[in-house]
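> Whatever this is, show me its structure:
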Amino acid sequence: MDLCGISARASSYAMESSYNVISERKGIFENCLNSKSKAVEQIDESDISSDRKVVGITTFPAGEGVKIGVIAYEPSESTREDPIIQMGYTDMSGEKKIYNIHVNEVNPENASDLEMFAYLTYKGHTGEKIPNALNNYDAYSRIKDYDGDYYRHDYINGESRFIGEKVNAKELLDRVHAWISQIQHPDAQITARWCEWLQNLFEK
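Numbers count the residues shown, from 1 in each chain. Presented below is the predicted three-dimensional model:
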């Protein structure tokens, strides 16, 4: 048995599979960059303000058992008229990604998780905090789980879906609230109230 030949073919196949996965991720990610809304502005690391402060953190899946942490900052250029939440993370290839999210431009009826994380983090940072939840975005993420449309196990497309997959959050809240509000259990009723709280927030 030609073990060397089998090993070489296996190694070649593994390299080809790895290349295909990376190419697929790159193509999806580039499409997401092209589809981002005007709320999202990608910036260079050199443009980071030195006095920004951390206001939130979340993760998205990047591999089996692997998650990438996304840190939200309030940069010095953020103003009351144009509030900005700055997102930063390092992807699986070691590249640093930084985005400025213009909160007033986020449309909850057509927003990615990147945008919703910024929007809900800013609202919590300025005093509008959802009751009985770790934070606003955590509550929203749990509601997405209940809707059966979350991607925490999508290891290949986690980054591209976090950045570019658009969701109508208002419709999502309506769907979950319609059935979970009928369940007479304390946890279900808390989630129903989260839906109502977020719906009211979006109407402000």
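
> List the buried residues of stretch 105-125.
Applying a neighbour-count criterion of 16 or more other C-beta atoms under 10 Å, one finds 106-108, 111-125 buried in stretch 105-125. All C-beta spots, glycine's among them, are computed from the backbone N, C-alpha and C.

> Okay, and which of these map to helices?
Judged by DSSP state H, these include 113-125 as members of helices.

> Report the angle between the helix or strand encompassing residue 98 and helix 113-125.
Assessed by DSSP states H and E, residue 98 sits inside strand 96-102. Angle, strand 96-102 to helix 113-125, by axes from the mean of the first three to the mean of the last three C-alpha atoms, to 10 degrees: 60 degrees.

> in strand 96-102, what counts as buried?
Residues of strand 96-102 classed as buried by neighbour count (16+ other C-beta under 10 Å): 97, 98, 99, 100, 101, 102.

> what residues are up against the last one?
This points to residue 102. Neighbour list for residue 102: 38, 39, 40, 41, 82, 83, 84 [criterion: C-beta atoms under 8 Å, 6 or more residues apart in numbering].

> got a list of what the fifth one touches?
Contacts were defined as C-beta under 8 Å, 6+ apart; by that measure residue 82 touches 102, 104.

> For it, which three-state class applies?
Look at residue 82: counting by DSSP: H, G, I helix; E, B strand; the rest coil, its state is coil.

> What distance do you get for it to residue 201?
As for residue 82, its distance to residue 201 is 19 Å (criterion: C-beta to C-beta, to the nearest Å).

> Now tell me what touches the longest strand anywhere in the chain from outside.
As assigned by DSSP state E, the longest strand anywhere in the chain is strand 53-63. Under the contact criterion C-beta under 8 Å, 6+ apart, strand 53-63 has outside partners 67-74, 85, 91-92, 113, 117, 121-122, 124-125, 135, 137-138, 141, 151-155, 158-159, 161-162.

> So what's the gap between that strand and the chain middle?
In terms of C-alpha atoms, centre = their mean, to the nearest Å, the centre of strand 53-63 is found 8 Å from the chain centre.
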